[in-house]
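Let me see the structure of the following:
(one chain, ligands or ions: 1)
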Amino acid sequence: MRTVLDARDVWFRYGSTDALRGVDLRVDAGECVALLGANGAGKTTLVNLATGLLSARHGALRTAGGDPRRAAVRRHLGVVQQSFGLPKALKVRELVTGAAVRCGRPAATAGPVLAELGLGELAGRGAAELSGGQQQRVRLAMALVNEPALLILDEPTAGLDVSARRHFRRVVERRRAEGTGVLVTTHLIEEAAAVADRIVVVDHGAVLADEPPGALANRLPDRTVTARTSLSRSGLNRLPGVISVEMRGTTVRLGTRAPEALLRELLDADPGVSDLRVEGAGLEESVVALTDAAAPGNGTEEPEVAL
Ligand SMILES: Nc1ncnc2c1ncn2[C@@H]1O[C@H](COP(=O)(O)OP(=O)(O)OP(=O)(O)O)[C@@H](O)[C@H]1O
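Numbering: from 1, shown residues only. Sure, this is the predicted structure:
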């Protein structure tokens, strides 16, 4: 299998902030990898390294064709980033045609891509006259028009409605079936699970997990039980069904996949427990679970987790 993104032991620092700390990441042709992390985890920094905007302080990063800092290599990339503003003076057709020509493709390649993305009727409109969702479709058209070996999508469906999101995914899926590798960043577990062959979880610039969605889901909590209790961290960790433990004073948040059984155990272990609440679990609990799992002693020791 051809590799279209290969990052090895990549480190990057802004001033005194280590944004990436020894990241390994690989995307093969025809594969979709989701980079999942909370705000500030390091996703955009990695994307900026993969698109040649930044240079790694240490480590090696190659995309299809070689070093993405070289313009000839970037021609094999398609990138969709919300922060990439569209020149307002240009019309949709000019934007997509321009993207094709800049990558050495005939201007005529724009037509089918505009049609595929439902932009045919908007082709004569100025970028300033488009809705946010329509602008995002234009960005995708510009990214696809050079038939990229690697498509990088940075939070691509943020702000899109359900049907636009579905359409966006279908278009990406089609390219993937044709052999394009896809790297998509998100902070939504559901989004990552819906689109990816593999999910790479990053936190504070380090990779916590790199697994297929099914395998990862079994290790992550889908509910949190919040309570006030006098039980210690190790006591809480020993309760059956506990996947993650966060303590804030006497309030604890327990990640689990079996909330009913855990509630029974908790009430048995501490009859004085109060303020019980069961809610859905999110990325924060997942990161705690993965951090705990990676810690010595499998998280059964007393030290506070770093969150
Ligand atoms: N230009 C910058 N100067 C200094 N620090 C920065 C800069 N850009 C990012 N950082 C820091 O680097 C770390 C990683 O940021 P990055 O933008 O890569 O995260 P992210 O996962 O993309 O977050 P988000 O989901 O909020 O976009 C954070 O601690 C952030 O504060």
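
what about the chain, any weak spots by pLDDT?
Residue ranges of the chain with pLDDT under 70: 294-307.

Spell out which residues of it are next to the ligand.
Contact residues, the chain versus the ligand (C-beta under 6 Å from any ligand atom): 14-15, 17, 19, 37, 39-45, 187. To be clear about C-beta, it is placed using only N, CA and C from the backbone, and glycine gets the same treatment.

Start from the N-terminal end of the stretch 1-150 of the chain and give the helices.
Using DSSP state H, counting those that start in this stretch, the helices of the stretch 1-150 of the chain run over 43-50, 71-74, 92-102, 110-116, 132-144.

Check which helices and strands the longest one is in contact with.
This means helix 132-144. Secondary-structure packing of helix 132-144 (3 or more C-beta pairs under 8 Å, 6 or more residues apart in numbering; DSSP states H and E): strand 77-81, helix 92-102, helix 110-116, strand 150-154, helix 162-177.

Let me have those in a markdown table, extended by distance to Arg62 and mean neighbour count.
Shown next, in a markdown table, are the helices and strands packed on helix 132-144 (distance: least, C-beta to C-beta, whole Å; neighbours: other C-beta atoms under 10 Å):
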| stretch | distance to Arg62 | mean neighbour count |
| --- | --- | --- |
| strand 77-81 | 12 | 23 |
| helix 92-102 | 22 | 21 |
| helix 110-116 | 27 | 18 |
| strand 150-154 | 10 | 24 |
| helix 162-177 | 20 | 15 |
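
Compare the ones you listed and give me the one nearest Gly272.
Across these, the minimum distance to Gly272, taken as C-beta to C-beta, is reached by helix 162-177, at 44.8 Å.

Show which residues not belonging to the closest one make contact with it.
30-32, 116-118, 133, 136-137, 140, 144, 151, 153, 156-157, 160, 182, 184, 194-195 (C-beta atoms under 8 Å, 6 or more residues apart in numbering).

can you do 6 Å?
30, 32, 133, 157, 182 (C-beta atoms under 6 Å, 6 or more residues apart in numbering).

Just flag the most distant two among those residues.
Within the contacts of helix 162-177, Gly30 and Gly133 form the most distant pair, 27.2 Å apart (C-beta to C-beta).

returning to that earlier point: going by neighbour count, which of the contacts of helix 162-177 comes out on top?
Ranked by neighbour count (other C-beta atoms under 10 Å), the contacts of helix 162-177 have Val182 at the top, with 26 neighbours.

helix/strand/coil for it?
Counting by DSSP: H, G, I helix; E, B strand; the rest coil, the backbone at Val182 sits in strand.

and the closest residue to it other than its chain neighbours, what is it in contact with?
Residue nearest to Val182 in three dimensions, not counting chain neighbours: Cys32, with 4.2 Å by C-beta to C-beta, 6 or more residues apart in numbering. With contact taken as C-beta under 6 Å, 6+ apart, Cys32 is in contact with 176, 182, 195-197.

Span of stretch 243-262 from start to end?
Across stretch 243-262, the terminal residues are separated by 11 Å (C-alpha to C-alpha, to the nearest Å).

Share the number of residues neighbouring the closest residue to Gly22 other than its chain neighbours, please.
Counting by C-beta to C-beta, 6+ apart, Gly22 lies nearest to Asp9, which is 5.1 Å off, once chain neighbours are set aside. By other C-beta under 10 Å, 14 other residues sit near Asp9.

what's the distance between Asp9 and the ligand?
In this view, Asp9 and the ligand are 17 Å apart by C-beta to the nearest ligand atom, to the nearest Å.

Thank you, goodbye.
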